[in-house]
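Chemist: Only the shape, not the letters, is given here:
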Ligand code: ADP
């Protein structure tokens, strides 16, 4: 954006000096657009279950007043819709809390293997209920990264919940931790692997957008809010970690978070800080 401003000339006469100002408003404008889109989407997502609740309340007060069977059925649907609103609100609050902290540095040394093990233990009962099993492949060496343990728990819980939601019955979900080097620096890759339907390539780059969902016609997936991967992305940004998604339709998906690995020496210096 270019603006041309006449510079006032003190001792009268016509201004003959002009100031040409270049503004780069693209980023500000884009941020503003994303924010307003988000508010519109969030309101829409909340309004849908609310409209359904209102509709059922009216039916219960009117036509279904004396129909015990219908009443039970409608109350069950209403409970589901209220649950959906509550999950949406929880995820919206998580997302805004995390976005506020996005620029704060993380400094605690965290053992990634312990985080993954804990997530596997916590989510195994849920996975079993859904007909899947969680396996871990973590190696034996401790792998340290700078991080916030609660936020990292949330990253891998979200990824494992997705792997279970979109995974195939009777299949495994694998939590894998490997180490290596990238441009001479030590890295750690923490992956969640599933053998579900996968995601078509054209959707992959958009999966971490807020409310972006792919319709897979799976009733378990209906429970999702479309915010899980946006939360993952924001937490990983704070950790300067990268999310990599590999997926093959019909074969499964691997979601990998790549961290800078701390050496034992940096662990000591972090502790002293
Ligand atoms: P949701 O609440 O819908 O799961 P997410 O942000 O966690 O929201 O995920 C966004 C979309 O990415 C999902 O709706 C789904 O289409 C796709 N997705 C995420 N994880 C997987 C997976 N493991 N396998 C297949 N598709 C996935």
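Modeler: Yes, it's here. All values reported here derive from a predicted model rather than from experimental measurement.

Chemist: How far does stretch 241-261 stretch from one end to the other?
Modeler: 10 Å (CA to CA, to the nearest Å).

Chemist: May I see the buried residues of it?
Modeler: 241, 243, 247, 252-261 (16 or more other CB atoms under 10 Å). C-betas here are computed from N, CA, C, even on glycine.

Chemist: who in this protein is up against the ligand?
Modeler: Contact residues (CB under 6 Å from any ligand atom) of the chain with the ligand: 162-163, 166, 194, 196-197, 199, 207, 212-214, 216, 224-230, 253.

Chemist: repeat that with 8 Å
Modeler: For the chain, the residues in contact with the ligand (CB under 8 Å from any ligand atom) are 91, 158-159, 161-163, 165-167, 192, 194, 196-199, 203, 207-208, 210, 212-216, 221, 223-232, 247, 252-253, 255.

Chemist: mind listing which of these are in helices?
Modeler: In this view, those that belong to helices under DSSP state H are 91, 158-159, 161-163, 165-166, 228-232.

Chemist: All the helices of the stretch 1-150 of the chain, in order from the start?
Modeler: 26-61, 68-100, 112-129, 149-166 (DSSP state H, counting those that start in this stretch).

Chemist: Distance to residue 137, mean pLDDT and mean neighbour count added to those, as JSON lines?
Modeler: Formatted as JSON lines, the helices of the stretch 1-150 of the chain follow (distance: least, CB to CB, whole Å; pLDDT from 0 to 100; neighbours: other CB atoms under 10 Å):
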{"stretch": "helix 26-61", "distance to residue 137": "36", "mean pLDDT": "87", "mean neighbour count": "13"}
{"stretch": "helix 68-100", "distance to residue 137": "28", "mean pLDDT": "93", "mean neighbour count": "14"}
{"stretch": "helix 112-129", "distance to residue 137": "9", "mean pLDDT": "97", "mean neighbour count": "17"}
{"stretch": "helix 149-166", "distance to residue 137": "14", "mean pLDDT": "96", "mean neighbour count": "22"}
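
Chemist: still on that earlier bit, out of the buried residues of stretch 241-261, who's nearest residue 38?
Modeler: residue 243 (19.7 Å; CB to CB).

Chemist: residues touching that closest one, list them.
Modeler: Residues in contact with residue 243, defined by CB atoms under 8 Å, 6 or more residues apart in numbering, are 208, 232-233, 236, 255-258.

Chemist: This completes my enquiry, with thanks.
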